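1. no FASTA, just this:
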């Protein structure tokens with residue numbers, strides 16, 4: 001039977017079963033965009049009449065449509081296959097960074113429908129109220145029946161159920177009720193997650209249609225800080241208080257640089273975007289009449305053969321390789337997926353990263369390991385906020401067995 005949470009006073013309603021089974025089938029169609037009704041009967045064990053009943057309900061609601069299959073028919077007429085109507089259900093996503101915020105609405109496939117940017121403000125209340133206004137502006141016209149909720153990405157340590165930021169050192173935020181401010185006056189459901197965790201979720205949720213999603217991998221965020229999201233057997237590893245997998249704050253050098261977290265020698269002090277940009281300035285001497293380049297500019301200079309930029313990328317790649325060796329030793333992942341500047345400059349840096357990694361790990365541990373640039377680039381965490389909303393919507397079916 002489908003798992004349904006019931007209070008001691010709640011009767012088992014047929015509507016609960018219908019909704020759970022409908023979401024189960026929707027999730028199957030999302031993951032396998034060329035299923036027929038017969039395929040669903042075979043996979044789920046539902047009767048053909050039950051499948052027909054559920055599919056007709058979903059077609060009438062505009063959630064799915066049927067069209068002739070692209071597969072050649074084995075016998076008889078061409079079968080009809082089911083596909084989601086991607087804009088039948090809409091989610092909103094918010095990514096908060098040290099440079100500002102991005103707010104989007106997106107469909108079931110992660111296609112961005114509308115977006116707004118909110119510039120950074122030192123006063124967190126002013127900033128968050130402006131983000132709240134942007135959310136309202138993008139979602140005010142949506143039908144509540146089709147609007148699933150809002151996913152919010154935050155750096156640092158957060159309380160996932162409330163959105164309270166416990167500590168986001170690189171933002172200078174401590175014990176701030178971000179969730180309460182953003183959701184004030186809204187009837188929408190809000191979901192909150194750490195930026196690195198959501199980057200990992202996006203890689204798994206929005207994989208190539210029909211391809212096998214990664215089950216065991218680590219996603220690495222490289223921004224003002226360095227974060228990691230670890231996916232084990234298809235589930236995010238969060239730990240007892242949500243602070244698991246903070247590999248950016250593992251010690252690379254015992255007597256190294258002081259980190260905003262209070263420790264010294266943290267990996268993020270040598271491999272984050274902030275560290276890359278600082279290293280370039282230190283090597284260049286930072287003349288006052290020249291603006292400080294960001295990571296994108298450093299990569300552009302390196303592509304044009306600038307020896308200073310190339311040297312800085314090579315040194316940083318060495319630090320990345322050390323950290324990847326630690327990750328590989330702990331988790332034995334099938335892949336390490338990299339985002340941000342490393343993804344955009346992967347063609348320049350990959351050989352240096354691999355050389356550093358191979359010098360610190362036995363070959364037998366690296367035979368199956370892949371290092372991959374994020375397939376979503378700069379949008380990984382933002383799409384992760386959408387995946388967070390969608391995964392909550394599909395959760396009751398994704399973690400259950402079908403009812404016969």
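-> That came in fine, so what should we check first? None of these values were measured; they are calculated from a predicted model.
2. for stretch 328-344, buried residues please.
-> Taking 16 or more other CB atoms under 10 Å as the neighbour-count basis, stretch 328-344 is seen to contain the buried residues 328, 331, 333, 335-344. From N, CA and C alone the C-beta is placed, and that goes for glycine too.
3. looking at those residues, which are in helices?
-> In helices, judged by DSSP state H, the following of the buried residues of stretch 328-344 are found: 328, 331, 340-344.
4. between all of these, which two are separated the most?
-> 331 and 344 (24.9 Å; CB to CB).
5. which non-adjacent residue is nearest residue 106?
-> Distances taken as CB to CB, 6 or more residues apart in numbering place residue 386 nearest to residue 106, at 4.6 Å, with adjacent residues excluded.
6. tell me which other helices or strands the helix or strand hosting that neighbour touches.
-> Element membership for residue 386, per DSSP states H and E: helix 380-398. Judged by 3 or more CB pairs under 8 Å, 6 or more residues apart in numbering; DSSP states H and E, helix 380-398 is in contact with helix 14-31, strand 90-97, strand 100-106, strand 147-154, strand 190-194, helix 195-205.
7. tell me which of these sits most buried.
-> Between the helices and strands packed on helix 380-398, the one whose residues have the most neighbours on average, counting mean count of other CB atoms under 10 Å, is helix 195-205 (a mean of 28).
8. for the helix or strand containing residue 278, which positions count as buried?
-> Under the assignment given by DSSP H and E, the secondary-structure element containing residue 278 is helix 273-284. Judged by neighbour count (16+ other CB under 10 Å), helix 273-284 contains these buried residues: 273-280.
9. listing request: residues of the stretch 101-250 of the chain with sub-threshold pLDDT.
-> Per-residue confidence for the stretch 101-250 of the chain (pLDDT under 70) gives these ranges: 209-210, 242.
10. switch to 80 and redo it
-> Within the stretch 101-250 of the chain, the stretches falling below the threshold (pLDDT under 80) are 208-211, 240-244.
11. just checking the distance from the helix holding residue 386 to the centre of its chain.
-> 9 Å (CA atoms, centre = their mean, to the nearest Å).
12. residue contacts, residue 204?
-> 213-214, 231, 234, 387 (CB atoms under 8 Å, 6 or more residues apart in numbering).
13. out of those, the closest to residue 144 would be?
-> Closest approach to residue 144 among these (CB to CB): residue 387, at 21.2 Å.
14. quick check: chain neighbours aside, which residue is closest to residue 110?
-> Beyond its immediate neighbours in the sequence, the residue positioned closest to residue 110 (CB to CB, 6+ apart) is residue 206, lying 4.5 Å away.
15. doesn't residue 379 make contact with the one you found?
-> No - no contact is recorded between residue 206 and residue 379 when judged using CB atoms under 8 Å, the distance being 9.6 Å.
16. mind listing the helices for this protein?
-> Under DSSP H, the chain gives helices at 14-31, 37-44, 48-60, 124-139, 178-183, 195-205, 268-271, 273-284, 295-303, 307-331, 340-344, 346-358, 363-366, 380-398.
17. in JSON lines: these, plus distance to residue 152.
-> Shown next, in JSON lines, are the helices of the chain (distance: least, CB to CB, whole Å):
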{"stretch": "helix 14-31", "distance to residue 152": "23"}
{"stretch": "helix 37-44", "distance to residue 152": "34"}
{"stretch": "helix 48-60", "distance to residue 152": "29"}
{"stretch": "helix 124-139", "distance to residue 152": "9"}
{"stretch": "helix 178-183", "distance to residue 152": "6"}
{"stretch": "helix 195-205", "distance to residue 152": "9"}
{"stretch": "helix 268-271", "distance to residue 152": "22"}
{"stretch": "helix 273-284", "distance to residue 152": "21"}
{"stretch": "helix 295-303", "distance to residue 152": "25"}
{"stretch": "helix 307-331", "distance to residue 152": "26"}
{"stretch": "helix 340-344", "distance to residue 152": "19"}
{"stretch": "helix 346-358", "distance to residue 152": "28"}
{"stretch": "helix 363-366", "distance to residue 152": "36"}
{"stretch": "helix 380-398", "distance to residue 152": "6"}
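18. mind checking which of the ones you listed is nearest residue 67?
-> Nearest to residue 67 among these is helix 48-60; the distance by CB to CB comes to 11.5 Å.
19. now the closest one and helix 37-44, what's the angle there?
-> Taking axes from the mean of the first three to the mean of the last three CA atoms, to 10 degrees, helix 48-60 and helix 37-44 form an angle of 120 degrees between their directions.
20. show me what helix 48-60 is packed up against.
-> On the basis of 3+ CB pairs under 8 Å, 6+ apart, helix 48-60 makes packing contacts with helix 14-31, helix 37-44, strand 64-68.
21. ok, residue 146 - how many residues close by?
-> Residue 146 is surrounded by 13 other residues when neighbours are defined as other CB atoms under 10 Å.
22. for it, which residues are in contact?
-> Residue 146 makes contacts with 88-90, as judged by CB under 8 Å, 6+ apart.
23. ditto for residue 236
-> By CB under 8 Å, 6+ apart, the residues touching residue 236 are 197, 200-201, 229-230.
24. ok, of the buried residues of stretch 328-344, which one's closest to residue 245?
-> residue 331 (9.0 Å).
25. got a pLDDT number for the closest one?
-> As summarised for this prediction, residue 331 has a pLDDT of 94.
26. next one: it from residue 217, what distance?
-> 9 Å (CB to CB, to the nearest Å).
27. shared neighbours, these two?
-> With contacts defined as CB under 8 Å, 6+ apart, the residues shared by residue 331 and residue 217 are residue 230.
28. residue 100 contacts residue 128, correct?
-> No - distance between residue 100 and residue 128: 11.8 Å, which falls outside the contact criterion (CB under 8 Å).
29. rewinding a little: tally of neighbours for the residue nearest to residue 110?
-> Here the count is done by other CB under 10 Å, and residue 206 has 22 residues near it.
30. also residue 363?
-> 7.
31. ok, now how distant is the nearest residue to residue 312 once chain neighbours are set aside from residue 269?
-> Once flanking residues are discounted, residue 312 sits nearest to residue 280: 4.8 Å by CB to CB, 6+ apart. In this view, residue 280 and residue 269 are 15 Å apart by CB to CB.
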